[in-house]
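Asker: I'd like to go over a predicted model; first the sequence, then the structure.
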Amino acid sequence: MATLGNDALAASQRPVSGLLMGRLSALMFMQFFVWGAWNVTLGLVMQTVGIGSLIANAFSVGPIASIAGSFLLGMAATRYLSPRALMVILHLVGGAILLVMPALVTPENGTTFVWVLLGYMILYMPTVGLANTIALKSFGERADRFPFVRAFGTLGWIVAGLIIGWVGLSASPEIFRVAAVVSIALGLYSLTLPNVAPDAPRDESLVRQVLCVEAFGLMRQRSYLIFILAATLISVPLAMYYAYASAYLGVAGIENVGGTMAIGQMSELVFMFSMPWLYRRFGVKPLLLVGMIAWALRYALFAIGDGGSSLWAIYLGVALHGVCYDFFFVAGAIYTGTIASPKGVNAQAQGMLTLFTYGVGMLLGSQIGGLLYAQLPEASTIADWHQMWWYPAIAAAVIAVLFQLFFRDDSRTETSA
């Protein structure tokens, strides 16, 4: 037994080759560059070409694809094809779809564009999990190296936004062609990735895996149930940022919208590496509360910012993205792992968390945001947008208060005991 323990320790301390780190970092960089190239300013593009009324539907396809793609294609197909083979197929086909997207972003083809975007996202969303799988399986016992590689994904998103803004494409449908080039390049590059094995079939049925049956059992714990409810609710106002922030920045007179939005990812990168230490030091509740309060503060800043003397409020609101995202979603993922690991259902629990946040919560948020956006006059002013942002600001504040009143971190209590 001592020998086995020493072998495991030695394996966990083996260095990871710089070549492998570089290959996987390039994978993550391109993976999120593709998404960031078009997602960040899509709302501004649609408003500019005259299909702003469809922004809510366009940003609802991501949540739907998170469910249909990640849970069905992502979990079922990996039984029959290697993650590398799937990355090649999905990114090459997805890149071909992205090439034709600019021709569909018109008032005449707006509805068709949304349906095609849904088809594309069903192909893209599984590749996020597949990229993580390739990296984690390649590291083996050195999974502690993963955050350093994953950080290049955030860097890819940042660079995509900076390039889009720098070349003046923030309001142009050509953002999809930029994404298409990198998607096709990633599909070809994926041929060179480590050929990790497909997941071994589990004893339970595929239906039980897809429906996360064991993970749903975790909600018998009152603390985790409250966390899931809060995570779902906070994702409703979250969706409004992704869908309408770029359009708002355009109304405020900011020209380099893509580059400005990248400030948020820069702050995310700063906080990402500190999250494990902060979680161990303070526990999950303070971090989640800070994240919720940051969402309320961000929207309040948007509600008072303008293109003049209060422009600083808009920039600060964007810069808060690191606190908003990392303190809630990264901390929430760590908390979910803490609750799920003893039950052996970590993968299912993370999938279930994605289902409730990026699926249910953001789908509701996109549609509710669409209703609020529809109330804006056709020639909306900055003052009209201010009224819209107060709704998510107040909602996030109320959710934070309820979370403070009802949530208790049982996992931390048990650990302390």
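Answerer: It's in.
Asker: flag the shaky bits of the stretch 1-150 of the chain, pLDDT-wise.
Answerer: 1-16, 69-80, 141-146 (pLDDT under 70).
Asker: just the helices in it please.
Answerer: Here the stretch 1-150 of the chain has its helices, by DSSP state H, counting those that start in this stretch, at 2-13, 18-39, 42-49, 55-58, 61-65, 74-77, 83-100, 110-139, 146-166.
Asker: check which residues of the second one are buried.
Answerer: Residues 20-21, 23-39 are the ones in helix 18-39 that count as buried (16 or more other CB atoms under 10 Å). For glycine as for every other residue, the C-beta is placed from the backbone atoms N, C-alpha and C.
Asker: likewise stretch 218-235?
Answerer: For stretch 218-235, by 16+ other CB under 10 Å, it's 218-219, 223-224, 226-235.
Asker: with stretch 281-291 instead?
Answerer: So, applying 16+ other CB under 10 Å, buried residues of stretch 281-291: 283-285, 287-291.
Asker: tell me which of those fall in helices.
Answerer: Applying DSSP state H to those, the entries found in helices are 284-285, 287-291.
Asker: helix/strand/coil for Ala179?
Answerer: helix (DSSP: H, G, I helix; E, B strand; the rest coil).
Asker: could you dump the helices of the stretch 1-150 of the chain to a markdown table with distance to Ala383?
Answerer: Shown next, in a markdown table, are these (distance: least, CB to CB, whole Å):
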| stretch | distance to Ala383 |
| --- | --- |
| helix 2-13 | 57 |
| helix 18-39 | 28 |
| helix 42-49 | 17 |
| helix 55-58 | 20 |
| helix 61-65 | 30 |
| helix 74-77 | 44 |
| helix 83-100 | 37 |
| helix 110-139 | 27 |
| helix 146-166 | 26 |
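Asker: what pLDDT does the spatially most central residue of the chain get?
Answerer: In the chain, the residue lying closest to the centroid (CA atoms, centre = their mean) is Tyr358, at 7.4 Å. With respect to pLDDT, Tyr358 has a value of 80.
Asker: same thing with the one 4 residues further on?
Answerer: Met362 is assigned 87 on the pLDDT scale.
Asker: which element is it on?
Answerer: helix 362-374 (DSSP states H and E).
Asker: neighbouring contacts of that helix?
Answerer: 52-53, 55-57, 59-60, 62-64, 235-240, 242-244, 388, 391 (CB atoms under 8 Å, 6 or more residues apart in numbering).
Asker: which among those residues count as buried?
Answerer: 52, 55-57, 59-60, 62-64, 235-240, 242-244, 388, 391.
Asker: isn't Gly317 up against Ile304?
Answerer: No: assessed by CB atoms under 8 Å, Gly317 is found out of contact with Ile304, at 9.4 Å.
Asker: compare those two (neighbour count), which wins?
Answerer: Gly317 (27 against 14; other CB atoms under 10 Å).
Asker: for the more buried one, what are its contacts?
Answerer: 297-299, 301-302, 305.
Asker: pick out the most distant pair among those.
Answerer: Distance extremes for the contacts of Gly317: the farthest pair is Leu297 and Gly305 at 12.2 Å, using CB to CB.
Asker: which of the two has more neighbours?
Answerer: Comparing Leu297 with Gly305 by neighbour count (other CB under 10 Å), the higher total belongs to Gly305, at 25 against 18.
Asker: closest to Leu402 out of the helices of the stretch 1-150 of the chain?
Answerer: Closest approach to Leu402 among the helices of the stretch 1-150 of the chain (CB to CB): helix 61-65, 22.9 Å.
Asker: separation between His386 and Ile314?
Answerer: Relative to Ile314, His386 is positioned 11 Å away (CB to CB, to the nearest Å).
Asker: now do Val323
Answerer: Val323 is 16 Å from Ile314, by CB to CB.
Asker: thinking again about what came up before, tell me, what's touching His386 and Ile314 both at once?
Answerer: What both His386 and Ile314 touch, as defined by CB under 8 Å, 6+ apart, is the set Phe302.
Asker: comparing these two, which residue is more hemmed in?
Answerer: Shown here are His386 and Ile314; by other CB under 10 Å, Ile314 has more neighbours (24 against 15).
Asker: dump the residue contacts of that one.
Answerer: 248-249, 252, 254, 301-302, 305-306.
Asker: list the buried residues in whichever strand or helix holds it.
Answerer: Here Ile314 is covered by helix 311-319, with elements defined by DSSP H and E. Buried residues in helix 311-319, counting neighbours by 16+ other CB under 10 Å, are found at 313-314, 317-319.
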